[in-house]
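Trainee: Please work out how this folds:
(one chain, ligands or ions: 1)
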Amino acid sequence: MKISIIGTGYVGLVSGACFADVGNSVLCLDVDERKIGMLKAGRIPIHEPGLDALVTRNTQAGRLSFSTSYDVAVEHADIIFLAVGTPPDEDGSADLSHILAAARSIGQRITRPVVVVDKSTVPVGTADKVRAAIQGELDRRGAQVEFAVVSNPEFLKEGAAIEDFTRPDRIVIGSDSAHATQLMRQLYTPFNRNHEKLVQMDVRSAELTKYACNAMLATRISFMNEVANLAELLGADIEAVRLGMGMDPRIGPHFLYAGMGYGGSCFPKDVKALVKTAQEHARPMRLLDATEQVNEAQKNVLFEKVARHFGGADKLRGRTIALWGLSFKPNTDDMREAPSLVLIRSLFAAGCKVAAYDPVASEEAARVLLAEHGPERCAGMLRIAATAADAVRGADALVLVTEWKEFKSPDFGMLARELAEKAVFDGRNIYAPEAVAEAGLYYEGIGRRARAA
Ligand code: UDX
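Mentor: Modelled structure (predicted):
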């Protein structure tokens, strides 16, 4: 099939490369010339395991190409995916300007029937707006071309996006057109093997499904973070509680991890957008308000622990805290809404220096921190280390922020020698408290008893 994908972010690029890999002819468009220039030169603008090889293989085979031209993209395709960003507006609602601009650009150019697919996460009712934008342009041109607008939300997790795309647990198609549904079913056939994964519904239900999923997952995390904070006060261990809960098939073991609060490009934005949609319909979602509030507070829990350990925030001045991990989760260089940024902000405000290491996100983190704090403050307060061991050298304490694999089994003896105050704060509960304490280190996790050295 001939497909064009508008927007070469995570969703667009991964979807494009995966569709090309099963034999489709895919053209990826972005208005960002720098991005398209990079892709044409064989460089991938984001870090996603396996994506580099996938893009290269399909580009070389002639199944995947890149362009900044809407003329080329619209001419190319029978199916056009919209995978542009929907960043939050100031009031939390999703900003639809990119998606509607893309819709208008399509309407200005189509000359033969086309199926337009919303893959971006968009508020309920957006497909209607996309349809109206395309129709408006057709009317302006006095042209009559058949088209359908379909909602096909993505459920990709960064760091596992290719696996999620090629082995989906579900394929949601929201469509009011039998022809478009048929075409989408055909397109997804290579990924819909062994047992039926495609669920077809009306457009609005598909749009809401995506928000409901992310909102529930975010709520689950905030719930566990609240239980964790209580467990700490009760002398219980959230890791034991998590295991006991996860064995109930109605609850299941996934997404029950207490930590530093959720971050990333989806949960914070989508929760805010759904809260806003509910408010607009005079049907506030009180649970989601709480989910958000709990998450904001949770991002500060590690700082509070560090400050308490040293006798108060005012005692932190001049100290150096080492951070392991900066990205919002492992296997990505994405720093959007990363809890590490909140922690660094609080540490800087307390006059604390930060020595940070991340296996992949260092460069992106430095860029974001420089923009936020300015070159002078960063030069004096921030050291980006080249290795994990280098970050702890000369530091007072270590905070584990992101659970990258390479942090899972560190040399605790080395940490005990290097850290002046011999303290480890485990923001993801990846260490066995006893093992850390035995090495002569103070240990504190999330939702479990602290251990003296
Ligand atoms: C998410 C959804 O999982 C995906 O379906 C959707 O399409 C996009 O948003 P992603 O943002 O890549 O994917 O990350 P995810 O792995 O879901 O984690 C989100 C955040 O929750 C991270 O900050 C993570 O650290 C945190 N998290 C996750 C927890 O704190 N505890 C958990 O148990 C799971």
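Trainee: Pop the domain breakdown of the protein in here.
Mentor: Listed by automatic domain parsing, the domain ranges of the chain are 2-201, 211-296, 299-444.
Trainee: Save those as JSON lines, and put in distance to the ligand and mean pLDDT too.
Mentor: All C-beta atoms are positioned from the backbone trio N, CA, C, and that covers glycine. As requested, these are exported to JSON lines (distance: least, CB to the nearest ligand atom, whole Å; pLDDT from 0 to 100):
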{"stretch": "domain 2-201", "distance to the ligand": "4", "mean pLDDT": "96"}
{"stretch": "domain 211-296", "distance to the ligand": "3", "mean pLDDT": "97"}
{"stretch": "domain 299-444", "distance to the ligand": "4", "mean pLDDT": "97"}
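Trainee: any chance of those in a markdown table, with distance to Ala450 and mean neighbour count too?
Mentor: Below are those laid out as a markdown table (distance: least, CB to CB, whole Å; neighbours: other CB atoms under 10 Å):
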| stretch | distance to Ala450 | mean neighbour count |
| --- | --- | --- |
| domain 2-201 | 30 | 19 |
| domain 211-296 | 8 | 18 |
| domain 299-444 | 4 | 19 |
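Trainee: can you redo these as TSV with distance to Ala452?
Mentor: As requested, those are exported to TSV (distance: least, CB to CB, whole Å):
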stretch	distance to Ala452
domain 2-201	35
domain 211-296	15
domain 299-444	6
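Trainee: Just the strands from the stretch 301-450 of the chain, written as ranges.
Mentor: For the stretch 301-450 of the chain, applying DSSP state E, counting those that start in this stretch gives strands covering 320-324, 353-357, 382-384, 397-400, 423-426, 442-444.
Trainee: Okay, the residue nearest to Asn331 when sequence neighbours are not counted and Ile46: tell me how far apart.
Mentor: Leaving aside its chain neighbours, Asn331 sits nearest to Gly159 (3.1 Å; criterion: CB to CB, 6 or more residues apart in numbering). Look at Gly159 and Ile46: by CB to CB, to the nearest Å, they are 11 Å apart.
Trainee: tell me, what's touching these two both at once?
Mentor: Shared contacts of Gly159 and Ile46, defined by CB atoms under 8 Å, 6 or more residues apart in numbering, are found at Thr332.
Trainee: sec struct for Val149, please.
Mentor: When classified by DSSP: H, G, I helix; E, B strand; the rest coil, Val149 comes out as strand.
Trainee: That one touches Lys119, doesn't it?
Mentor: No: counting by CB atoms under 8 Å, Lys119 is not a contact partner of Val149; they are 11.8 Å apart.
Trainee: mind listing what the residue lying closest to Asn24 once chain neighbours are set aside touches?
Mentor: Nearest residue to Asn24 in three dimensions, chain neighbours excluded: Met1, at 4.9 Å (CB to CB, 6+ apart). With contacts defined as CB under 8 Å, 6+ apart, the neighbours of Met1 are 24-25, 78-79, 183, 186-187.
Trainee: and what of Ser327?
Mentor: 333-335, 338, 340, 358, 360-361, 364-365, 402.
Trainee: Please look at Tyr431 and Tyr443 and confirm they touch.
Mentor: Yes: with contact defined as CB under 8 Å, Tyr431 reaches Tyr443; the gap is 6.9 Å.
Trainee: So for these two, which residues contact both of them?
Mentor: Counting by CB under 8 Å, 6+ apart, the common neighbours of Tyr431 and Tyr443 are Val424.
Trainee: I'm done for today, thanks for sticking with me.
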